[in-house]
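# Need the 3D shape of this:
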Amino acid sequence: MTMLEVNFSKELPKELEKILIEESRKTVQLLLQQETPWACKDWLTLKDAQAYLGISWQTLNQWRQQGLRVSEMSPRNIFVHKEELNRFLREFER
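As a prediction, this is how the structure comes out:
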């Protein structure tokens with residue numbers, strides 16, 4: 001494997017910094033949307049979360065209103081962490 005080493009000066013131009021942040025965000029979005037089984041992912045799309053728990057869209061939306069925390073990258077890119085789903089379910093088991 002080839003390793004790429006990059007050394008930036010302390011005065012990284014703001015424009016380059018913005019480009020790096022945006023490209024990193026795009027890469028994360030693409031990785032999260034890859035066609036891998038939800039059982040292997042820590043972060044799930046809302047659709048994957050429905051399949052993971054066997055619940056309806058309405059139930060998932062109700063849970064969000066009741067405090068289920070999600071990460072909303074855009075209106076179409078909303079993710080929930082499996083640990084958050086499990087925490088939420090444990091909280092309401094009592």
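# Please report how far residue 48 lies from residue 77.
Separation of residue 48 from residue 77 (C-beta to C-beta, to the nearest Å): 12 Å. Any C-beta I mention is one placed from the backbone N, CA and C, and that applies to glycine too.
# typo on my end, residue 89
Relative to residue 77, and taking C-beta to C-beta, residue 89 is found at 23 Å.
# and if you look at residue 55?
Noted for residue 55: a distance of 20 Å to residue 77, by C-beta to C-beta.
# before we move on, what about residue 41?
Residue 41 is 14 Å from residue 77, by C-beta to C-beta.
# How about residue 22?
For residue 22, the distance to residue 77 equals 14 Å [C-beta to C-beta].
# Between residue 48 and residue 77, tell me which one has more neighbours.
For residue 48 versus residue 77, neighbours defined as other C-beta atoms under 10 Å are more numerous around residue 48 (19 against 14).
# Mind naming the longest helix for this protein?
Counting by DSSP state H, the longest helix found in the chain is helix 14-32.
# how far is it from where the chain is centred?
14 Å (C-alpha atoms, centre = their mean, to the nearest Å).
# Could you pull up the mean pLDDT of the helix or strand following it?
Using DSSP states H and E, the next helix or strand after helix 14-32 towards the C-terminus is strand 43-45. Average pLDDT, strand 43-45: 90.
# next one: stretch 72-82
Model confidence over stretch 72-82, given as mean pLDDT, is 87.
# so where's this structure uncertain?
For the chain, the stretches flagged by pLDDT under 70 are 1-12, 31-40, 94.
# Residue nearest the middle of it, spatially speaking?
residue 79 (4.2 Å; C-alpha atoms, centre = their mean).
# Hmm, that one is touching residue 70, no?
Yes - judged on C-beta atoms under 8 Å, residue 79 makes contact with residue 70 at a distance of 6.5 Å.
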